Every structure is written in C-alpha cells, then in structure tokens.
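In: starting from these lines, generate the structure:
(4 chains)
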Protein chains: 2
Amino acid sequence: MPTTPSIPPAAHNGIPSFPPMPDRLCRDIVDFCNKHHATCRETRFRPRNIIIEESATAHYTFLVRHGTVKLSKSMPNGRSQIVGFVGSGHILGTSSQELYMFQAEAITDVTVNRLSRTMFEDILVNAPDILSRLLDETTSQLVMIQERLLALGRKTAREKLAGFLLREATRNNGQDIHLPFSLQMSRADIADYLGLSTETVSRLMSVFHQEKMIHRSRQIIQLLAPSRLAAMSCTIL
Amino acid sequence: MPTTPSIPPAAHNGIPSFPPMPDRLCRDIVDFCNKHHATCRETRFRPRNIIIEESATAHYTFLVRHGTVKLSKSMPNGRSQIVGFVGSGHILGTSSQELYMFQAEAITDVTVNRLSRTMFEDILVNAPDILSRLLDETTSQLVMIQERLLALGRKTAREKLAGFLLREATRNNGQDIHLPFSLQMSRADIADYLGLSTETVSRLMSVFHQEKMIHRSRQIIQLLAPSRLAAMSCTIL
DNA sequence: CGGCATCTTGAAATTAGTCAACCGTCGTGG
DNA sequence: CCACGACGGTTGACTAATTTCAAGATGCCG
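Out: Sure, this is the predicted structure:
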C-alpha cells in the first residue's frame, strides 16, 4: 500500500470539479416535458455509436442521462481534437447555430433524452428557473474550458497528462483520489483530448509508472503520488 | 470611395467590438440599473491598466463599453495564455465562482460599467429577457472557444497565425477583408493568444510577407491573399 | 488458439522554443 | 536639436520537445 499521506481533500482552488454534476437539471427538463405532453424520447447508444454528427443540421437537443460521451471536432487531414468528455447531466446542442459544431460519440453505453430544439427553446421561455440553471451550467463550462485553453496552449506534455489523470481520478472516485480507477477512453482519445500523439501519451504513462507516480495496467490506473502529480501539472490541487 | 484608406474607420479609441456583437445587451443592463436606482459606475482604463486581477475575489461584473480588453490566465513560471480579446458588448465576471479565474487588462483605452455581482444576479432574476440573451451570448462564446481549442491543440504555427490574421481582418473591417488594418496587440500578445513564442510569430509574419500573402509594417497589416490564408488555416472562410 | 486492436517502445525527423544579437522607433533629457 | 536608452520587433544559430515512422508486445474476442 502506498504511503500517501493525507491529501488536501479536493479543496476548492476555484477549478470546478466534475464529479458533482448530477443530472437534476436534465430530470427537471424531462419532467417538464412529461407534464406538458411533449415528446422527449429516450434513446440508447453503444460504444462508438455516433450521437451527433459534426456539421449536421441541429434539429435536436440531447440530455445525457447515463454513460460518457466524447465531443470532438475534426480537421480535413484527419487531425481531431476532443473538446470534452461529458457524462450524465450534460446537455448537448443548446447553441442557436444552425449546425452542430462538434461530433458526439458514445464511449460507454449511453442513455440520452432527445428533444426537438424548438421545444427546448420553448421550455427555456416558459421555465425561467431552468433557463437560469442552464446559464449557470454553461458559464461554468466556459470557465472550465478556459482552463483547458491554458493547458493546450502552454503546458508541456507531462503537465497535460498529469492534470488529466488527476481530473479523471476525481471524476471517478471523488475524494478518494488514490483509489484505482478505470480509464474509459483509449490512449488515442486521451491524445486527442490533450493535443498530443498516442505515442507521447503512452510513453509518459510509462515514465510516470517508472517514477512511481502511478500504477498502470492498460485501463486501470492508480495514482500513487497525487500531490506530486498535482505539483507537476501546475494545478493547485 | 477611396481605394487606399489608411486606418479603418472604427468606433472610439481603437476598433473594439466584434462585428456582430453590438453592445445592446450591455446598454439594456445599464438602462435597467438606471431605472432601478442601482449604481452602475462607469470607469475608464488606459492601455496596460489591469481591470481584473486573476484570483481576486469576484465582487463585480464588468460591462465592456469601448476599447479592447485582453483576458489571460497565467502559470507559475511566467507562462501565460490569452483566453480572448474582447471588445464592446462583452460582459466579464458572470461566473458564480468566488474568484475571478482570469486577468483582464486594457490594451486600448477602455470604458466599462461596473456592477456589484449580487446586483447583477438580481437583474438576471428580474429581467428574464436579459437572462435569456446572456445565455445566448455565453453559449456562442462556448462554441467559439471550442474552435480555439481545436486550433491550440491541433493546428501548426502557420495555421494558427493564418487563422488569427483572418479573424482580426474581419473583426476590423468586416467584409472588406483585404483592407489594411491595425493590429491592436503586440507580437507577445499574439503569441500568448496562439500558444506560440514571439519569435515564431515574428518569423511567420516574415514568411507570409515573403510569400506575398500579407503586407506588413509593424502594426499595419494587409491581407493580400485571404483565400490562400484561409486554405492554409484550414478555415472555411 | 488465432487474429486483430490497442498499446508500447525505439530511432529518426521535424517543429517550435530558447538564447542571443541586432535593428528601428519613440520618447526623454541633456 | 540630438544622443541615448528602452522597448518591441526581427533574425540567426542552436537546442529541446514532440511527432512520425516502424517494429514489437499485449491483451481481448470470437
């Protein structure tokens, strides 16, 4: 058993944490639909199923209820950037743009509720508290994505990966940051998320392993020295 | 019409305002304040003045009325990433976080209106149309920033700079993309915006110049081959 | 057990960063 | 009015980080 001393319990550095993003808002939206005889179809997807195609016409808004969805944008030459991994409670397709500006793909089994966008807009008009909570949600996504901007623009590969592992650990285990957890995404996905190549991700995993900062077997990861990782990632844990 | 306009005719001290982001919303918020005897102080800043300090307690919300503000985040070792350049109509400090998560610095003469955050929240509660327009605004910022995520994570230096110059050109001149315009920010700012070094920005400017894609004299830039730049930046113009 | 995906590892290539010198402009003060 | 210094920008030579290309290794599923 690692010697991990007491880690500051996910203190609030201001960086919003993923785990407590329950899908209350989604549930309320579904309830609202049901109360008003509005259709709000539930759909399931298997890993690798495409939920939203980039540049398709944005007819629907999706509420993610279970599972993890990867949002990505791609470029002509096959390069792609994962904009985010989102889970239960996340709402997709709220922009007023004509087209979806990203692809959404299930990476686990996924359940979503699907609303027509016009209906979604009706709901916002008629349910001010939903509107207001959606604004909160959107604003805090904006803050988080700005953090990612800094990471992509200015952090080294080591820093990026260290930060990523920390976030995944807390996303999976909450406070118990040194419990083992399972990475739901492939190395390629991690690479596309961090703006690196899969090889670099792989190599760094090995380095961290050798440096006794993580324990690693394919998908299962355990952080052995979260505080060192935090220091390395330039994140105030 | 003159075929060789010197500097694009722009609003006040520089050239604020993204083309389709007029500050109607800000004006309406100010009007609302005035109607309700709420204080909404107007403040002016000169270039290099700090409007918001990163990690300071977020007491206020700011409405940018004139000028251009650079928003940035920084890291221990002095590295910094510019999250955005924003102009008239932009609202700063809407997050419900305790602290500001970025620095805001005037790069031209800037005028802002300053509201206490609690009052701002009151306004949102009492003026649903403002709430709704703020959500629109925030959502479209999210979409734009996702585009930047792709650029920072997956584009080469050439592609980044080409895209940047195109956006600046349209931001300044609207449709007249091949008119000369003045870059309001230093090479260092451009570098911090694109996640590059100043030297790389400088070198690429020279390359583009030699390749006859731009005409360049310090701050004044003219795009000679916007379509080639667009192709290069992998941007659908 | 075989076949295929994914992952890992190594070596070479490339991009962008760093360090350092130089240039030009602008503003200040002698 | 000119000289100087500071600052921002440009350029060059070199270095470091990451990607790319190319094999292997591992593990999963049928």
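In: from here on, contacts and neighbour counts on C-alpha atoms
Out: OK.
In: for chain B, tell me whether the longest helix along chain A is touching it.
Out: The helix that spans the most residues within chain A, counting by DSSP state H, is helix A:128-154. Yes - using C-alpha under 8 Å from any C-alpha of the partner chain, we find that helix A:128-154 touches chain B at A:128, A:131-132, A:134-136, A:138-143, A:145-146, A:148-150, A:152-154.
In: residue ranges of the helices in chain A, please?
Out: If DSSP H is used as the criterion, the helices of chain A fall at A:24-35, A:117-126, A:128-154, A:157-173, A:187-194, A:198-210, A:226-232.
In: can you pull the contacts of residue A:223?
Out: Counting by C-alpha atoms under 8 Å, 6 or more residues apart in numbering or on different chains, residue A:223 makes contact with A:166, A:169, A:177, A:178, A:179, A:180, A:213, A:214, A:215.
In: then residue A:31?
Out: Applying C-alpha under 8 Å, 6+ apart, no residues qualify as near residue A:31.
In: could you redo the last one with a cut-off of 10 Å?
Out: Residues in contact with residue A:31 (C-alpha atoms under 10 Å, 6 or more residues apart in numbering or on different chains) are A:25, A:37, A:38, A:40.
In: most surrounded residue in the residues you listed?
Out: residue A:40 (22 neighbours; other C-alpha atoms under 10 Å in any protein chain shown).
In: my read: that residue touches residue A:28, true?
Out: No - with contacts defined as C-alpha atoms under 10 Å, residue A:40 does not count as touching residue A:28, sitting 12.0 Å away.
In: so what sits against both of the two?
Out: Contacts common to residue A:40 and residue A:28, judged by C-alpha under 10 Å, 6+ apart, are residue A:34.
In: what's the weakest-modelled helix or strand in chain A?
Out: Least confident helix or strand, chain A: strand A:214-217 with a mean of 92, by mean pLDDT, DSSP states H and E.
In: which other helices and strands contact that strand?
Out: Judged by 3 or more C-alpha pairs under 10 Å, 6 or more residues apart in numbering or on different chains; DSSP states H and E, the packing partners of strand A:214-217 are strand A:181-182, helix A:198-210, strand A:220-223.
In: and it, what's buried?
Out: Under the neighbour-count criterion of 16 or more other C-alpha atoms under 10 Å in any protein chain shown, strand A:214-217 has A:214, A:215, A:216 buried.
In: ok, of the residues you listed, which one's closest to chain B?
Out: Distances from chain B to those, taken as C-alpha to the nearest C-alpha, are shortest for residue A:214 (24.2 Å).
In: and the closest one, what are its bridge partners?
Out: residue A:223 (DSSP bridges).
In: that one reaches residue A:222, doesn't it?
Out: Yes - using C-alpha under 10 Å, residue A:214 is in contact with residue A:222, at 5.5 Å.
In: who touches both of the two?
Out: Common neighbours of residue A:214 and residue A:222, using C-alpha under 10 Å, 6+ apart, are A:165, A:178, A:180.
In: what separation is there between the first one and residue A:206?
Out: Think residue A:165. According to C-alpha to C-alpha, to the nearest Å, residue A:165 and residue A:206 sit 13 Å apart.
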